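Peer 1: quick one, fold the following:
(chains A and B)
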Amino acid sequence: MTSFFPDLNVWLALSVAGHSHSADAWQWANLLPRETRLIFCRYTQIGLLRLITNQVVMGEQTLTLRKAWSVYDRWLADPRVEFYPEPRGVDAEFREATEPFASKPASKWIGDCWLLASANGIKATLVTFDRALYQHARKQGHSVVIPG
Amino acid sequence: MAVRTTVDIPEPLHDRLRNRAEKSGASIRSLIVHAIEQAYPDANKSGDYLTRPPIQGSGKLGPAFPEDENPHDFVFS
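Peer 2: A predicted model of the protein is given here:
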């Protein structure tokens, strides 16, 4: 069984029709076999809830927290989607993932490295629209795809 | 339980499958299984698969709506 780990922005593109990558995300998702797993972790769960309830992000489409939970629950009702708890040993993976940025004030990479470490910890393919993250993940030997 | 089977398929179709597998990250086997499932759906299966975004609003999105990058600052703020 193939497992995919969409990053935060991919979950947003899959969730919001107005996202510029929504069509690409769904073209990819609709091609996946039903036995595929799409995995949420705590970070992408909280992140999606935070983003779709944030007016600066969602503008006129901002959801209440209750509605945001219903969007998340709808995802979990899809047989392909599962929530995975933090994988054992992810701390070491996380530290290793941040090592290339050790000499930089790389705040953006801290979140991306956590996503990369989580995907690696559960042996799933990272799914991202971020070309810099994609290139970095490939360079580090991780399994990663850009939908579309 | 899986059953092993061997079929001959046209080379151009195999090339398309291989290209699609490389682009999507799914295996050729998975794509074939998916195509069969779509062509011959199981009437007894009651899955609730999402096929489009659950948020279909038409209002204007906010100024900080992301394009490519993960908006970590909005998660941690």
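
Peer 1: so B:Pro54 makes contact with A:Ser15?
Peer 2: Yes. Taking C-beta atoms under 8 Å as the definition, B:Pro54 is a contact partner of A:Ser15 at 5.8 Å. Glycine gets a C-beta too; all of them are placed from N, C-alpha and C.

Peer 1: need the overlap of contacts for these two.
Peer 2: When C-beta atoms under 8 Å, 6 or more residues apart in numbering or on different chains defines a contact, the residues bordering B:Pro54 and A:Ser15 alike are A:71, A:75.

Peer 1: neighbour-wise, which of those two wins?
Peer 2: A:Ser15 (23 against 18; other C-beta atoms under 10 Å in any protein chain shown).

Peer 1: wait, what's in contact with that one?
Peer 2: A:48, A:52, A:71, A:75, B:53-55.

Peer 1: how about the residues you listed in a markdown table, adding distance to A:Ser103?
Peer 2: A markdown table is the format used below for the contacts of A:Ser15 (distance: C-beta to C-beta, whole Å):
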| residue | distance to A:Ser103 |
| --- | --- |
| A:Leu48 | 32 |
| A:Ile52 | 36 |
| A:Val71 | 40 |
| A:Trp75 | 38 |
| B:Pro53 | 40 |
| B:Pro54 | 42 |
| B:Ile55 | 40 |
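
Peer 1: nearest to B:Val75 among those?
Peer 2: The nearest member of the contacts of A:Ser15 to B:Val75, counting by C-beta to C-beta, is A:Leu48 at 9.3 Å.

Peer 1: tell me if the closest one really is in a strand.
Peer 2: No. Counting by DSSP: H, G, I helix; E, B strand; the rest coil, A:Leu48 is not found in a strand; it is helix.

Peer 1: and chain B, is the longest helix along chain A touching that?
Peer 2: Identified as the longest helix of chain A according to DSSP state H is helix A:107-121. Yes. Using C-beta under 8 Å from any C-beta of the partner chain, we find that helix A:107-121 touches chain B at A:107-108, A:110-112, A:115.

Peer 1: any idea how far that helix is from the chain center?
Peer 2: 10 Å (C-alpha atoms, centre = their mean, to the nearest Å).

Peer 1: which elements pack onto it?
Peer 2: Using 3 or more C-beta pairs under 8 Å, 6 or more residues apart in numbering or on different chains; DSSP states H and E as the contact test, the elements touching helix A:107-121 are strand A:3-6, helix A:42-52, helix A:90-98, strand A:125-127, helix A:131-139, helix B:72-76.

Peer 1: pick out the shakiest of those, pLDDT-wise.
Peer 2: Note on those: helix B:72-76 shows the lowest mean pLDDT, a mean of 84.

Peer 1: what packs against that helix?
Peer 2: Counting contacts by 3+ C-beta pairs under 8 Å, 6+ apart, helix B:72-76 packs against helix A:42-52, helix A:107-121.

Peer 1: good, we can wrap up now.
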